[in-house]
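K.L.:
have a look; sequence and predicted model below, questions after that.
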Amino acid sequence: MGKSYTGEMAISYADYLALDELLSLQRLRAKHSDELLFIVVHQASELWFKVLLHELEALIAQLRANDVAAALARMQRINALMRIVASQLSALDTLPPQRFAEFRSILGSSSGSQSVQFRALEALSGLRDEHFMHVLQEHGEIPPIIQRILERPTLQAMFDAMLQHHGVTLEELYTQSQQAPLYLLAESFLEYEQAFGLWRFLHVQLVERIIGPMTGGTGGTLGAKYLQRTIAQRFFPKLWDVRARIFAGGSAAGT
């Protein structure tokens, strides 16, 4: 093998990506022809969740450093990743309910609600409400990674601190220049929340399409009924509130 420009032995594409190991992780238990698709979509989601958690941690460091430009650039990447996560669910729209029923039983007690990374994403994004905390405790002790996140400020709180550092209030942010970096960052947060909400909505639709709206979810969860409740959850309630107040004030002024 040749050497790279660093002087180290060149590494192959397959070795760098650990492809032999990666491609051996799709273990079909039911040997059903649709099972591979089901596994890959969920494994791919977990890989994207890993990237999102990594990017959100980098974002938090930039918020703490009051680096608005870097945080805005980071949010653009995060929002692009969220679009990927949401769009890949469409692959499972091709799985008819009768086909899923043929191998659903082999999933046993496993459920997407057990995804520690997804719960970590929700916590890191800012969920702290009673319903979310109840869901976290459904499967026993809260995982350490999530517990550590819960002890930290939310993204909304960190953005509030950034505004305070720059001597700007939310009301000023939404009534002054709409091209200011802080305003664009606030809008990117709402874009993130909308993308997350779209993922939730598409997930609800997918579950209803495959197992029905009144059917319990895999592993004894509430299925679509539970998922529908999550669509209204907010990561940035203050941003939504200030926009609503400004809109109401503008409407009142125009009447």
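P.N.:
Looks like it came in fine. Numbering: from 1, shown residues only.

K.L.:
all helices for the stretch 101-250 of the chain, in order.
P.N.:
116-125, 130-137, 144-150, 155-165, 170-175, 181-211, 224-230, 237-253 (DSSP state H, counting those that start in this stretch).

K.L.:
between helix 181-211 and the last one, find me the angle.
P.N.:
Note on geometry: by axes from the mean of the first three to the mean of the last three CA atoms, to 10 degrees, helix 237-253 and helix 181-211 are set 100 degrees apart in direction.

K.L.:
which elements pack onto helix 237-253?
P.N.:
Under the contact criterion of 3 or more CB pairs under 8 Å, 6 or more residues apart in numbering; DSSP states H and E, the helices and strands touching helix 237-253 comprise helix 155-165, helix 170-175, helix 181-211. Backbone N, C-alpha and C define where each C-beta goes, glycine included.

K.L.:
what packs against the longest one?
P.N.:
Read it as helix 181-211. So helix 181-211, by 3+ CB pairs under 8 Å, 6+ apart, packs with helix 68-87, helix 97-101, helix 116-125, helix 155-165, helix 170-175, helix 224-230, helix 237-253.

K.L.:
lowest average confidence across those helices, which one?
P.N.:
Of all those, mean pLDDT reaches its minimum on helix 224-230 (a mean of 58).

K.L.:
sec struct for Phe38, please.
P.N.:
helix (DSSP: H, G, I helix; E, B strand; the rest coil).

K.L.:
need the contact list for it.
P.N.:
The contact partners of Phe38, by CB atoms under 8 Å, 6 or more residues apart in numbering, come to 92, 95, 100, 103.

K.L.:
what's the distance between it and Phe103?
P.N.:
Per CB to CB, to the nearest Å, Phe38 is found 8 Å from Phe103.

K.L.:
can you tell me the helix or strand for the closest residue in space to Ile84 that isn't next to it in sequence?
P.N.:
In this structure, Ile84 finds its nearest non-sequential neighbour in Trp48, 6.2 Å apart by CB to CB, 6 or more residues apart in numbering. Using DSSP states H and E, the element containing Trp48 is helix 35-64.

K.L.:
just want the angle from that helix to helix 68-87.
P.N.:
Going by the same axes, to 10 degrees, helix 35-64 makes 170 degrees with helix 68-87.
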